[in-house]
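Visitor: Need coordinates for the below:
(one chain, ligands or ions: 1)
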Amino acid sequence: VTTEIDGFGALVTGGAGGFGTSIARRLAGDGAAVTLFGRTRSTLEMASERIAAELPDALPVRWIVGDAASEEDVQRAVAEADASRDLRIAVCTVGGGTMAPLMAITADILRQDFDRNVITALHTIRHAAAVMVPHGGGSIICTSSTAGGFSYPFMGSYSVAKHALEALVQVAADELGAFDIRVNAVRPGLVPTKAAKPGILVTDPQQRATVLREKPLARVGTADDISAAVRYLAGPEAAWVTGAVLPVEGGNHLRRAADLEKLARQVCGDEVIDQALRGRIPGGAA
Ligand SMILES: NC(=O)c1ccc[n+]([C@@H]2O[C@H](COP(=O)([O-])OP(=O)(O)OC[C@H]3O[C@@H](n4cnc5c(N)ncnc54)[C@H](OP(=O)(O)O)[C@@H]3O)[C@@H](O)[C@H]2O)c1
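Guide: Numbering: from 1, shown residues only. Below you'll find the model as predicted:
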């Protein structure tokens, strides 16, 4: 099937992940030559084989092992992907966050969440843009979160990092527009994947009802909901869209942030949460 992204080179960071694999499958299904990038050879290999089995007519899905937080690794991955097929699409899915109340967030935790979500995207945006300029343009899509649009109690460092990522997307869109490089973000809501272990948020009936009340379209999302939005932003259908942040979360942005206290108590322990809610630094640490 020939579509508008047929034959485009595409790099997906975190390509073996929940979102990454769904995005790769979607892009490959529409004819792109996809390269997955991640730190674990076995999971990349498995994801690539799974897509090949599901889409026997698609171009082979390649993979490259590396760390998205390492500029050298990202530069190498971009160069290899571009050498196999002109890179016109780059999708950054690497990210994740720490569950901790504000009073337990240390500088190290904040730096770690910033590195995972912002520095990884910065490397990909810069190096992908550098190869897209001579190709006459391209599309870069980053993965934010509902936490990038709300204050997000109990995941504060993640929220700070995703807000920063959205600011990075906007400035990159502004500066790279001159080269017809579009930079956009999706802002997914909760989707159970390996990284997002929502636990009681979806298993506990009371908590699940709260989660659904946060969304006008009252259901939990799927990775395919996210990859459909990424596919739109990647292709020429979105040729005049840049610097946008597209919420893909059932309308959650119209209502309120997730109530994470119960989950935070499971993850961090009651002692940490009780101390934090009394305005104390848990464990008395500075
Ligand atoms: N799932 C949700 O509910 C949800 C909601 C909103 C936003 N998000 C965001 O969506 C993105 C993807 O989430 P997901 O649920 O798909 O996570 P996931 O299933 O854990 O996938 C993340 C992938 O990234 C890879 N990765 C992690 N660190 C890396 C690094 N430094 N360098 C290269 N690869 C790395 C992981 O593989 P290796 O560990 O083998 O490298 C994994 O394959 C994240 O940015 C997350 O913040 C998720």
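Visitor: Would you mind listing the buried residues in the lowest-mean-pLDDT helix or strand in the chain?
Guide: Each helix and strand of the chain was given a mean pLDDT (mean pLDDT, DSSP states H and E); the minimum falls on helix 200-203 at a mean of 83. Neighbour-count burial for helix 200-203 flags 201, 202 (criterion: 16 or more other C-beta atoms under 10 Å). C-betas here are computed from N, CA, C, even on glycine.
Visitor: Check which helices and strands that helix is in contact with.
Guide: helix 205-213, helix 261-268 (3 or more C-beta pairs under 8 Å, 6 or more residues apart in numbering; DSSP states H and E).
Visitor: and the first one, C-alpha only, in PDB?
Guide: Coordinates of each C-alpha in helix 205-213 appear next as PDB, following Å, rounded to 0.1, in the frame of the first residue of the first chain:
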ATOM      1  CA  PRO A 205     -12.700  -0.300  41.400                       C
ATOM      2  CA  GLN A 206     -12.900   2.900  43.400                       C
ATOM      3  CA  GLN A 207      -9.600   4.200  42.100                       C
ATOM      4  CA  ARG A 208     -10.500   3.100  38.600                       C
ATOM      5  CA  ALA A 209     -13.800   5.100  38.800                       C
ATOM      6  CA  THR A 210     -11.800   8.200  39.800                       C
ATOM      7  CA  VAL A 211      -9.400   7.700  36.900                       C
ATOM      8  CA  LEU A 212     -12.400   7.500  34.500                       C
ATOM      9  CA  ARG A 213     -14.100  10.500  36.000                       C
END
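Visitor: In terms of helix, strand or coil, where does the closest residue to the ligand within the stretch 51-200 of the chain fall?
Guide: Proximity of the stretch 51-200 of the chain to the ligand (C-beta to the nearest ligand atom) peaks at residue 95, 2.3 Å away. Following DSSP: H, G, I helix; E, B strand; the rest coil, we place residue 95 in the coil state.
Visitor: I figured it was touching residue 117, is that so?
Guide: Yes: applying C-beta atoms under 8 Å as the test, residue 95 and residue 117 come out as touching, 4.2 Å apart.
Visitor: ok, the two, which is more surrounded?
Guide: Ranked by neighbour count (other C-beta atoms under 10 Å), residue 95 and residue 117 place residue 117 first, with 29 against 25.
Visitor: now that one: how far from residue 10?
Guide: Residue 117 is 21 Å from residue 10, where distance means C-beta to C-beta, to the nearest Å.
Visitor: Same question for residue 25.
Guide: For residue 25 relative to residue 10 (C-beta to C-beta), the value is 11 Å.
Visitor: Looking only at neighbour counts, state which of those two leads.
Guide: Higher neighbour count among residue 25 and residue 10: residue 10, with 29 against 22, using other C-beta under 10 Å.
Visitor: Quickly note the distance from that one to residue 284.
Guide: 49 Å.
Visitor: Same check on residue 20?
Guide: 40 Å.
Visitor: More neighbours: these two, which one.
Guide: residue 20 (30 against 7).
Visitor: Now for that one: which residues touch it?
Guide: 12, 13, 14, 36, 38, 47, 91, 93 (C-beta atoms under 8 Å, 6 or more residues apart in numbering).
Visitor: Looking at those, which are in strands?
Guide: Taking DSSP state E, the ones among those that sit in strands are 12, 13, 36, 38, 91.
Visitor: Quick check: of those, which has the highest neighbour count?
Guide: Most neighbours among the ones in strands among the contacts of residue 20, by other C-beta under 10 Å: residue 12, with 37 neighbours.
Visitor: List the beta-bridge partners for that one.
Guide: Residues in a beta bridge with residue 12, per DSSP bridges, are residue 36, residue 91.
Visitor: Please consider this matter closed, and thank you.
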